[in-house]
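Engineer: model this:
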Amino acid sequence: VYLNVYDLHQINGFGYYVGLGAFHTGVEVNTENGEDIEYCFGGHSFSFSGMFEIKPKTATGVKFRESIYMGEFKMTSKDFQELVDAIADDFSGLSYHPLKKNCNTFSEEFIKRLLNKDVPGYINRLAHIGNYFSCVLPSTFN
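Structural biologist: Down below sits the predicted model:
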C-alpha cells in the first residue's frame, strides 16, 4: 500500500519543508491479480460515493509529489472488496468538505482500515489548522 501525494498549489514548494501545504492524496493498492489501482475521494452533488479509481500517480489537475510506502496488507480479495464497499458508503460525494472530510481524510481512513496506521501529519495539517480558524474563513468552508 502506498500513499500517493500530489501538490494542489505551487506554494507547496516552500511550505512542504516546514510541514505545511495543500495536498491531494490517493491510496495505491496492488491487487491480487497484480493490477495497481489508486483509490481517491472527491465531492459531487449526488448521494452516491465520491470514491473513485484511477491509474496510480495520474490524478488530474494536480502535480504528483511523492509516493510513501505504508505497508503490506493481508486479506482475501473478498474481504478487501467488502472494505472498499464499506469505505465507499462512508464517503458519499455529498459528504465532501474541504476542511473536515476531504481526499486526505479519506486516504487516512482507508489506510487505517487496511493497515491500522496513520498517514504523515503534514498531509492534512493545513485543513486541521483551517478548522481552528473557520470563523474567519469564507462561509463555503463552514
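Engineer: CA only for contacts and neighbour counts going forward, please
Structural biologist: Noted.
Engineer: Report the separation between the closest residue to residue 112 other than its chain neighbours and residue 35.
Structural biologist: Of all residues not flanking residue 112 in the chain, residue 118 sits nearest, at 6.1 Å (Cα to Cα, 6 or more residues apart in numbering). According to Cα to Cα, to the nearest Å, residue 118 stands 24 Å off from residue 35.
Engineer: more crowded one of the two?
Structural biologist: residue 118 (14 against 9; other Cα atoms under 10 Å).
Engineer: Who are the contact partners of the more buried one?
Structural biologist: 108, 111, 112 (Cα atoms under 8 Å, 6 or more residues apart in numbering).
Engineer: list the buried ones in the helix or strand hosting residue 52?
Structural biologist: According to DSSP states H and E, residue 52 maps onto strand 51-54. Buried positions in strand 51-54, judged by neighbour count with 16 or more other Cα atoms under 10 Å: residue 51.
Engineer: I'd like to know which elements it is packed against.
Structural biologist: Applying 3 or more Cα pairs under 8 Å, 6 or more residues apart in numbering; DSSP states H and E, we find strand 51-54 packed against strand 36-41.
Engineer: Show the low-confidence segments of the protein, by residue range.
Structural biologist: For the chain, the stretches with pLDDT under 70 are 126-142.
Engineer: quick one on the thing from earlier: pretty sure the residue nearest to residue 112 sits in a helix.
Structural biologist: No - counting by DSSP: H, G, I helix; E, B strand; the rest coil, one finds residue 118 to be coil, located in no helix.
Engineer: give me phi/psi at it?
Structural biologist: Phi and psi for residue 118, reported as degrees, to the nearest 10, are phi -100, psi 150.
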